[in-house]
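Colleague: Sequence plus the predicted model coming up.
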Amino acid sequence: MQEAGVADYEAVTWYGLYAPSGTPISVINAINAAFKTALESSDVKARLISIGVEPVGSSPEYLRDYLAHETVKWANLLKASGTQP
């Protein structure tokens with residue numbers, strides 16, 4: 001982003017796991033726990049790292065907050081650049 005003349009912006013690729021609206025929190029927590037366990041396994045971790053992915057397990061709340069932050073960040077950049085949808 002700095003090379004494009006936009007200071008203080010970081011552009012990264014990230015992935016999240018989503019469930020349909022209304023999914024019970026107990027189900028979401030169970031899926032999250034299983035996913036975090038998989039990401040911590042040495043085989044999965046090694047495979048992801050070998051393809052350039054840094055495995056990070058977090059929480060549903062972290063993903064919600066991260067997505068909200070990214071939405072504001074990129075909306076502000078688009079507005080400042082004059083880009084129209």
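Modeller: Alright, I've got the coordinates. Model, not experiment: these values are computed from the prediction. Numbering: from 1, shown residues only.

Colleague: which secondary element of the chain has the worst mean pLDDT?
Modeller: For the chain, using mean pLDDT, DSSP states H and E, the weakest element among its helices and strands is helix 60-81, scoring a mean of 90.

Colleague: Buried by neighbour count: which residues of that helix qualify?
Modeller: Residues of helix 60-81 classed as buried: Pro60, Leu63 (neighbour count, 16 or more other CB atoms under 10 Å). C-beta here means a position set from N, CA and C on the backbone, and glycine is covered the same way.

Colleague: ditto for stretch 19-37
Modeller: So, applying 16+ other CB under 10 Å, buried residues of stretch 19-37: Asn32.

Colleague: Can you dump the C-alpha atoms of that stretch in CSV for me?
Modeller: Taking Å, rounded to 0.1, in the frame of the first residue of the first chain, the C-alpha atoms of stretch 19-37 are listed here in CSV:
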residue,chain,number,x,y,z
ALA,A,19,-22.0,-20.2,10.0
PRO,A,20,-25.5,-19.3,9.0
SER,A,21,-27.2,-16.6,11.1
GLY,A,22,-29.1,-18.1,14.0
THR,A,23,-26.7,-21.0,14.5
PRO,A,24,-26.7,-21.8,18.2
ILE,A,25,-23.6,-20.4,20.0
SER,A,26,-23.0,-23.9,21.4
VAL,A,27,-22.6,-25.2,17.9
ILE,A,28,-20.4,-22.3,16.9
ASN,A,29,-18.2,-22.8,19.9
ALA,A,30,-17.9,-26.5,19.2
ILE,A,31,-16.9,-25.9,15.6
ASN,A,32,-14.4,-23.2,16.7
ALA,A,33,-12.8,-25.5,19.2
ALA,A,34,-12.5,-28.3,16.7
PHE,A,35,-11.0,-25.9,14.1
LYS,A,36,-8.5,-24.5,16.6
THR,A,37,-7.5,-28.0,17.5
